[in-house]
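Asks: sequence first, then the predicted structure, then my questions.
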Amino acid sequence: DSAEASPSVVFENTERCSPECLRILLENISGLTIAADFTVELIPEINVAVATFIKNIDTKEFVEKCSQHKRVRDFNMTARLLESTQSIKAENLPKNISSDYLTVYFESTRNGGGPVEDVQLFPEENSAIITFCDHKGNS
């Protein structure tokens, strides 16, 4: 079970914690260094941040540490493992892009992809949902 634990942790309710404060807080809790050991992607539209660990750590244990940490509780944030998915949404796509092109692009191992099961285009949004054959080919 823990062998398949996600290397990414989702932090919700991040609006009270500035991006720089969050980075320092995560360094303090993990004992690791941002950039060298993990990255943080902010999604301000939904008050979420995702920390992805480059260094192999027990992310379940890290989530537990975060949920017990005084500062995390003070900021009213929650932490959970990012669940695996077989689908991703690609946005800001060029007009008239084909599903064949997206299939080939996302099947490229050089781009971190894998076998694609389905591509649904949404031309009015310039987006697409790409579904992989398994959850490993969607980094």
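Replies: Cool, got the structure. Residues are numbered from 1 along each chain as shown.

Asks: so how far is Val119 from Leu93?
Replies: 11 Å (Cβ to Cβ, to the nearest Å). (Glycine included, C-beta is placed from N, CA and C.)

Asks: name the residues contacting each of the two.
Replies: Each of 102, 128 lies in contact with both Leu93 and Val119 under the rule Cβ atoms under 8 Å, 6 or more residues apart in numbering.

Asks: which one's more surrounded, those two?
Replies: Val119 (19 against 16; other Cβ atoms under 10 Å).

Asks: please name the residues that touch the more buried one.
Replies: Contacts of Val119 by Cβ under 8 Å, 6+ apart are 99, 102-103, 106, 128-131.

Asks: how about the biggest helix by length in the chain: buried residues?
Replies: Longest helix of the chain, by residue count under DSSP state H: helix 19-30. Buried residues in helix 19-30, defined by neighbour count with 16 or more other Cβ atoms under 10 Å: 22-23, 25-26, 29-30.

Asks: swap in stretch 46-61?
Replies: Neighbour-count burial for stretch 46-61 flags 48-49, 51, 53, 57, 59 (criterion: 16+ other Cβ under 10 Å).
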